[in-house]
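Engineer: what's the 3D shape of this:
(one chain, ligands or ions: 2)
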Amino acid sequence: MKTLVLDEQQIQTAADILKNGGVVGIPTETVYGLAADALNGAAVAKIFQAKGRPMDNPLIVHIADFADIGRFRLVREVPESAKALAKAFWPGPLTMIMKRTDAVPPEVSAGLDTVAIRFPAHPVAQAIIRAADTPLAAPSANLSGSPSPTTARHVLNDMNGKIDAVLDGGASEVGVESTVITLAEGVPRVLRPGGVTVEMLREVLGAVEVDDAVLHQLREGAKAASPGMKYKHYAPRANVVLLKGSDEAYLNYVNAHAEEGVCALCCDEDLLSLSVKTVSLGRRGDYLTHARHLFDCLRKIDENGTIQTVYSRLPSTEGVGLAVYNRLIRAAGFEVIDLETI
Ligand code: AMP
Ligand code: MG
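Structural biologist: Numbers count the residues shown, from 1 in each chain. Ligands and ions are numbered 1, 2, ... in the order given. Prediction:
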């Protein structure tokens, strides 16, 4: 991660706003967050209002030291698995769910008996949490349903006039939201894939399950372990369609549909072979780069103003590819065309 020269005055101004119950956009290494004092229910309620977020979708609590969990009495007990994961991946893009105490306001946990906690790696995020001297509840700083913001400009585009301030800490390095794992019951289970991969988690914990909702649409009436996973999400205004098949079949299909308003969300290697507008995620197989660029690409497609249909390959589910898969399949409303069967 690059070193940022922190402007102490700006950090202090933002911390004062937070201490007084305000809402501030902050950079993190995953995506930009919309932060409020996690121990102040009225402040947290303003986040839901600014985003238009359903009240049953809980927020992640951000801390700046592992010891903050005990200092602010956030959880009933820290499981051994949480200590091992913190040692391996904190600070970083991993959120752990544990049983909460009453110190966590109901607005944060949306009525659940658990709380999601993360220690972000971004130096500005850490500085602001320390200066505010309180944990910060922060979901992604986008309007609910839109692609998450990975720059301060994205936050301004969605939130201008709705929040008190945004701190500019440069483009987010990871580009997709944190991995969410629940340690609250039974075998640890990934509820949302992110920068810390399932493979990495298994190296530390051994058995790790992946929740059904990561890859599949919830069945009608099924209860979401992670309420955020049940909503259409991460979607640009244009219609996203995922294509499953070989590289050649993808290029042929898109070129056969080269009409006005069509765009390909593709890889660098495809650019010369496509006869439609293109937005590239990066080199083929470079899933880290795809994750970093995904939301910016989706926002660029909307900013173009003329694009109605976006064709993308169905991403790989390996490594960080799983995080890209999980976001794109939701952006597509689970619509996948299998090119082998048409
Ligand atoms: P966001 O902050 O926008 O990245 O969204 C946070 C994600 O974490 C959402 O998908 C929430 O549903 C999920 N989440 C937060 N707290 C909990 C919790 N206590 N139990 C399950 N999922 C949670
Ligand atoms: Mg979000």
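Engineer: C-alpha from now on. contacts and neighbour counts both.
Structural biologist: Noted.
Engineer: how many residues are close by residue 228?
Structural biologist: With neighbours defined by other C-alpha atoms under 10 Å, the count for residue 228 comes to 18.
Engineer: skipping adjacent residues, who's closest to it in space?
Structural biologist: Nearest non-adjacent residue to residue 228, counting by C-alpha to C-alpha, 6 or more residues apart in numbering: residue 57, 5.6 Å away.
Engineer: and the pLDDT for the residue of the stretch 51-200 of the chain found nearest ligand 1?
Structural biologist: Residue nearest to ligand 1 within the stretch 51-200 of the chain (C-alpha to the nearest ligand atom): residue 139, separated by 2.9 Å. pLDDT for residue 139: 97.
Engineer: so it touches residue 33, yeah?
Structural biologist: Yes: counting by C-alpha atoms under 8 Å, residue 33 is a contact partner of residue 139 at 5.4 Å.
Engineer: distance between the ends of stretch 302-311?
Structural biologist: 14 Å (C-alpha to C-alpha, to the nearest Å).
Engineer: let me redo that: stretch 205-222
Structural biologist: 28 Å.
Engineer: follow-up on the earlier one: and the residue of the stretch 51-200 of the chain closest to ligand 1, backbone torsions?
Structural biologist: Dihedral pair for residue 139: phi -90, psi 180, per degrees, to the nearest 10.
Engineer: cool, and the one 10 residues further on?
Structural biologist: Its backbone dihedrals place residue 149 at phi -90, psi 130, with angles given as degrees, to the nearest 10.
Engineer: so how many other residues sit close to it?
Structural biologist: 30.
Engineer: what's it in contact with, if anything?
Structural biologist: 31-32, 140-142, 155, 295-296 (C-alpha atoms under 8 Å, 6 or more residues apart in numbering).
Engineer: and residue 78, by the same measure?
Structural biologist: Counting by C-alpha under 8 Å, 6+ apart, residue 78 touches residue 98.
Engineer: output the below-cut-off pLDDT ranges for the stretch 201-342 of the chain.
Structural biologist: 220-221, 229-232 (pLDDT under 70).
Engineer: what residues does it have near ligand 1?
Structural biologist: When proximity is defined by C-alpha under 6 Å from any ligand atom, the stretch 201-342 of the chain lies next to ligand 1 at 225-229.
Engineer: and these as CSV, adding secondary structure?
Structural biologist: Shown next, in CSV, are these (DSSP: H, G, I helix; E, B strand; the rest coil):
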residue, secondary structure
225, coil
226, coil
227, helix
228, helix
229, helix
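Engineer: closest to residue 287 among these?
Structural biologist: Proximity of those to residue 287 was ranked by C-alpha to C-alpha; the top entry is residue 229 with 21.5 Å.
Engineer: what ranges do the helices span in this structure?
Structural biologist: 8-19, 41-51, 68-71, 80-89, 106-109, 123-132, 152-159, 198-205, 212-215, 247-256, 287-304, 321-331 (DSSP state H).
Engineer: that older thread, quick one: which of the residues of the stretch 201-342 of the chain next to ligand 1 is most hemmed in?
Structural biologist: If you rank those by neighbour count (other C-alpha under 10 Å), residue 229 sits at the top with 20 neighbours.
Engineer: and the residue nearest to residue 228, what does it touch?
Structural biologist: Contacts of residue 57 (C-alpha under 8 Å, 6+ apart): 109-110, 226-228.
Engineer: now do it, the pLDDT please.
Structural biologist: 93.
Engineer: ok, residue 9 next?
Structural biologist: So, for residue 9, pLDDT stands at 89.
Engineer: the one 3 residues further on now?
Structural biologist: The pLDDT attached to residue 12 in the predicted structure is 93.
Engineer: hang on, it packs against residue 131?
Structural biologist: Yes: the pair residue 12 / residue 131 is scored as a contact, 6.5 Å apart, by C-alpha under 8 Å.
Engineer: higher neighbour count, those two?
Structural biologist: residue 131 (18 against 15).
Engineer: distance of the closest residue to the more buried one other than its chain neighbours relative to residue 65?
Structural biologist: In this structure, residue 131 finds its nearest non-sequential neighbour in residue 15, 5.7 Å apart by C-alpha to C-alpha, 6+ apart. Noted for residue 15: a distance of 17 Å to residue 65, by C-alpha to C-alpha.
Engineer: picking that back up, who's in contact with the residue of the stretch 51-200 of the chain closest to ligand 1?
Structural biologist: Residue 139 sits next to 33-35, 59-60 when contact means C-alpha under 8 Å, 6+ apart.
Engineer: so which of these are also by ligand 1?
Structural biologist: Applying C-alpha under 6 Å from any ligand atom to the contacts of residue 139, those adjacent to ligand 1 are 59-60.
Engineer: most neighbours, which of the contacts of residue 139?
Structural biologist: residue 35 (33 neighbours).
Engineer: for that residue, what are its contacts?
Structural biologist: By C-alpha under 8 Å, 6+ apart, the contact list for residue 35 reads 18, 23-26, 47, 136-139.
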